[in-house]
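Asker: requesting a structural model of the entry that follows:
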Amino acid sequence: MREQENKKPRCPVDAPSCEHIDNLLALQDEVISLKELVLTDPLTRLFNFRHFSQALEQELERTHRTAQPTALIMLDLDHFKRVNDTWGHDVGNQVLCHVAGLMLTLLRKIDIPCRYGGEEFALILPGTPLPRAINAARRLRTAIKETPVMVSEKPLYVTASMGVSVYQRSSNLSAEAFVRQVDELLYAAKSQGRNRVVHPDLETMRPAGQVSADEKAALYGLDSPGG
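Answerer: Next up, the predicted model:
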């Protein structure tokens with residue numbers, strides 16, 4: 001009992017004012033939990049779009065200060081509408097959680113995996129040059145392809161398309177423009193057959209395989225929940 005009392009924070013004022021210290025500590029824990037809920041996707045337990053937007057701004061600012069590149073991977077599950085239509089939304093949710101788990105296993109602790117929306121994810125890799133980001137995306141793509149989701153004791157295989165690029169100190173893009181740039185690479189991965197990683201040329205850093213707005217809409221219409 002005496003050991004437990006010693007673990008409590010020391011009262012900064014007189015003893016009577018500390019009668020409710022346990023309640024204050026409980027409220028503090030609740031505030032922390034609420035903050036996590038605000039920034040976390042309730043299904044996958046990854047960070048949500050709100051946190052993604054905040055974190056990306058911070059990392060791009062860090063790049064300008066330190067000259068360390070920030071990599072971004074945009075990932076979309078292929079033919080996800082087909083999964084929902086064939087197996088139901090519960091299985092679709094199971095697939096999303098499965099992929100999220102692979103991300104948490106394969107990425108570093110400093111990386112920031114987020115659910116961008118629907119079946120699309122955004123992964124921020126701080127201090128990561130393009131070759132390393134490409135390798136990380138390829139490892140994740142392979143893991144998704146080769147690790148099935150078990151549905152009624154039967155394996156369900158899914159694949160993912162990814163776009164990868166890096167933000168460098170010399171870049172003058174806004175965070176929104178950078179996301180659009182990486183999204184174009186993701187759309188290119190879909191247009192080239194899906195289940196692949198598309199990135200700028202390592203020599204020129206020019207995005208390859210740009211697609212038109214009409215092609216983009218057609219490609220995404222196949223996989224969007226409402227398409």
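Asker: mind listing the strands for the protein?
Answerer: With strands called from DSSP state E, the chain shows them at 70-77, 112-117, 120-126, 149-151, 154-156, 160-167, 197-198.
Asker: now for Lys145: which residues touch it?
Answerer: Tyr157, Val158, Thr159, Ala160, Asn195 (C-beta atoms under 8 Å, 6 or more residues apart in numbering). C-beta: built from backbone N, CA, C; applies to glycine.
Asker: I meant to write Gly92 there.
Answerer: Going by C-beta under 8 Å, 6+ apart, the list of residues near Gly92 reads Phe80, Val83, Asn84.
Asker: for Val38, see how far away it is.
Answerer: Note on Gly92: its distance to Val38, by C-beta to C-beta, to the nearest Å, is 25 Å.
Asker: ok, now Ile73?
Answerer: Counting by C-beta to C-beta - Ile73 and Val38 are separated by 24 Å.
Asker: compare the two (neighbour count), which wins?
Answerer: Ranked by neighbour count (other C-beta atoms under 10 Å), Ile73 and Val38 place Ile73 first, with 29 against 10.
Asker: count of neighbours near the nearest residue to Gly127 once chain neighbours are set aside?
Answerer: Excluding the flanking residues, the one nearest Gly127 by C-beta to C-beta, 6 or more residues apart in numbering is Gln68, at 4.3 Å. Neighbourhood size, Gln68 [other C-beta under 10 Å]: 15.
Asker: how much space between Gln68 and Asp76?
Answerer: 27 Å.
Asker: do Thr142 as well
Answerer: Thr142 is 16 Å from Asp76, by C-beta to C-beta.
Asker: can you check Ile112 too?
Answerer: 18 Å.
Asker: of these two, who's got more company?
Answerer: Taking neighbours as other C-beta under 10 Å, Ile112 and Asp76 compare with Asp76 leading, 25 against 21.
Asker: break this structure down into its domains, please.
Answerer: For the chain, automatic domain parsing gives the domain ranges 2-33, 46-223.
Asker: how about the helices in the chain?
Answerer: 2-7, 21-39, 49-66, 80-87, 89-106, 130-146, 175-191, 213-223 (DSSP state H).
Asker: tell me the most buried of those?
Answerer: helix 175-191 (a mean of 20; mean count of other C-beta atoms under 10 Å).
Asker: for that one, what is the distance to the chain centroid?
Answerer: Taking C-alpha atoms, centre = their mean, to the nearest Å, one finds the center of helix 175-191 at 15 Å from the center of the full chain.
Asker: ok, stretch 103-115 next?
Answerer: 7 Å.
Asker: quickly note the distance from Arg169 to His64.
Answerer: Distance from Arg169 to His64, by C-beta to C-beta: 6 Å.
Asker: same question, Leu56
Answerer: From Leu56 to His64 the distance is 13 Å (C-beta to C-beta).
Asker: try Ala133
Answerer: For Ala133, the distance to His64 - C-beta to C-beta - is 18 Å.
Asker: so what's Gln168 closest to, chain neighbours aside?
Answerer: With C-beta to C-beta, 6+ apart, the residue lying closest to Gln168 is Pro69, at 5.2 Å.
Asker: residues in contact with that neighbour?
Answerer: Counting by C-beta under 8 Å, 6+ apart, Pro69 has contacts Thr63, Gly127, Thr128, Pro129, Leu130, Val166, Tyr167, Gln168, Arg169.
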